[in-house]
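> My questions concern the predicted model and sequence given below.
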Amino acid sequence: MVEEAPTIQYYPQQKMTANTDCLLLFKEPRQIRQDIAEMAAKLAESDTTLQALRHSYPNVRQRTFTTWVRDTLHKDTPRRTEDIRRLTKDVIHAGDIRFDAILITERSKKSSSKRQEFSTLYGLTPEDVNALDHERRGGSL
């Protein structure tokens, strides 16, 4: 049997002349571009959320650490109480030794009492925690 030749038509929306097979090929890249645009929009939204968390999470951890020092080491001072009130009102659910080590390393001087308090509470220095190899800790921190 003889196959019928595809009919060529003008498609005004695409501003092109093609048979239906060519039109499908034309639509695929358009769909891919649309999918990429949607993914880029979702990525931008996620980035906005991440930036907000990046700003607030250190304050949550600072409050956690300050509260822990106050309660565990019985070092309540007016300044410590003010820091706890000032930092955030978020509820704290658990410790985060990795982030606390980064926090103390970045926000406290080497001579700061916070470094000693960190070592007393965790049993390691912030530098020791930061130096731990990911494979060696096996996700346990």
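Perfect, I can see it now.
> Give me the distance between the strand or helix carrying T67 and the centre of its chain.
Under the criterion DSSP states H and E, the helix or strand holding T67 is helix 20-72. Centre-to-centre, helix 20-72 and its host chain are 8 Å apart (Cα atoms, centre = their mean, to the nearest Å).
> Next: stretch 114-122.
In this view, stretch 114-122 has its centroid 26 Å away from the chain centroid, taken as Cα atoms, centre = their mean.
> Show me which residues of that stretch are buried.
Within stretch 114-122, the residues that qualify as buried are 114-115, 117-119, 121-122, counting by 16 or more other Cβ atoms under 10 Å. C-beta: built from backbone N, CA, C; applies to glycine.
> Now secondary structure, pLDDT and distance to S46 too, for the residues you listed, in TSV please.
Written out in TSV, the entries for the buried residues of stretch 114-122 read as follows (DSSP: H, G, I helix; E, B strand; the rest coil; pLDDT from 0 to 100; distance: Cβ to Cβ, whole Å):
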residue	secondary structure	pLDDT	distance to S46
K114	helix	87	32
R115	helix	89	34
E117	helix	87	35
F118	helix	88	32
S119	helix	88	36
L121	helix	82	33
Y122	helix	84	31
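> Could I get those in JSON lines, plus columns for distance to T72?
Supplementary listing: the buried residues of stretch 114-122 in JSON lines, determined by distance: Cβ to Cβ, whole Å:
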{"residue": "K114", "distance to T72": "13"}
{"residue": "R115", "distance to T72": "16"}
{"residue": "E117", "distance to T72": "9"}
{"residue": "F118", "distance to T72": "12"}
{"residue": "S119", "distance to T72": "13"}
{"residue": "L121", "distance to T72": "6"}
{"residue": "Y122", "distance to T72": "11"}
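> returning to that earlier point: helix or strand right after the helix holding T67?
helix 78-87.
> So which residue is dead centre in this protein?
Centroid-nearest residue in the chain, with Cα atoms, centre = their mean: L50, separated by 4.7 Å.
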